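Peer 1: Give the three-dimensional model of this entry:
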Amino acid sequence: MADLEALEDWVSPLLQRIEPAERSKLARSIAQQLRRSQQRRITAQQNPDGSAYVPRKPRQMRGKKGRIRAKVKMFQKLRSATFMKARGDGNAATVGFTGRIARIARVHQEGLRDRAARNAPAVQYDQRELLGLTDTELDQVRDTLLAHLTL
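Peer 2: Have a look, this model is predicted:
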């Protein structure tokens, strides 16, 4: 996070010279770029450091008699724009989850204990970082800011 703080210290005086409406527009575009890259990383099942997510625990794949459920990648719905929100205003660009989904994402992000269902036993979830900045994303933000400031 030191890189992010250094980027913030470097860009703050420059952004103060831009009109608030233009800052909001820039923040929205950066947030959307970050959401797209986060979605690609979640699809690839990777943590921000490039390591793979800890795989799911094995489970019974038989439902009704004779039927076998297909294996589905983790967080398939969470990565959609419906649940992963990108927002930008004059002060910040944010990417995150909302509502009930935010709690589920937090449990996985931090590797907390939770129940899969109301009366189910509490389970310790493995840490899978859904949101986080990679070096490539930091460079992308820096390039977007520079491109906008040089216009």
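Peer 1: alpha carbons only for contacts and neighbour counts from here, please
Peer 2: OK.
Peer 1: tally of neighbours for Arg41?
Peer 2: When counting by other Cα atoms under 10 Å, one arrives at 20 neighbours for Arg41.
Peer 1: Please read the previous query as pertaining to Asn47.
Peer 2: Around Asn47 there are 22 other residues, counting by other Cα under 10 Å.
Peer 1: what's the spatially most central residue of the chain in contact with, if anything?
Peer 2: Nearest to the centroid of the C-alpha atoms of the chain, with distances taken as Cα atoms, centre = their mean, sits Leu131, at 3.1 Å. Counting by Cα atoms under 8 Å, 6 or more residues apart in numbering, Leu131 touches 38, 48, 96, 109.
Peer 1: From the contact counts, what lies against the lowest-mean-pLDDT helix or strand in the chain?
Peer 2: Between all helices and strands in the chain, the lowest mean by mean pLDDT, DSSP states H and E belongs to helix 2-15, at a mean of 76. Packing partners of helix 2-15 (3 or more Cα pairs under 8 Å, 6 or more residues apart in numbering; DSSP states H and E): helix 135-149.
Peer 1: same for the helix it packs on, what does it pack against?
Peer 2: Other elements packing on helix 135-149 under the criterion 3+ Cα pairs under 8 Å, 6+ apart are helix 2-15, helix 20-43.
Peer 1: Can you convert these into JSON lines and add a column each for distance to Tyr125?
Peer 2: Written out in JSON lines, the entries for the helices and strands packed on helix 135-149 read as follows (distance: least, Cα to Cα, whole Å):
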{"stretch": "helix 2-15", "distance to Tyr125": "28"}
{"stretch": "helix 20-43", "distance to Tyr125": "17"}
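Peer 1: Count the neighbours of the nearest residue to Tyr125 once chain neighbours are set aside for me.
Peer 2: Closest residue in space to Tyr125, ignoring its immediate chain neighbours: Gly111 at 5.1 Å, by Cα to Cα, 6 or more residues apart in numbering. Using other Cα under 10 Å, Gly111 has 15 neighbouring residues.
Peer 1: related to what we said a few turns ago, can you state the direction angle for the least confident helix or strand of the chain and helix 135-149?
Peer 2: Note on geometry: by axes from the mean of the first three to the mean of the last three Cα atoms, to 10 degrees, helix 2-15 and helix 135-149 are set 10 degrees apart in direction.
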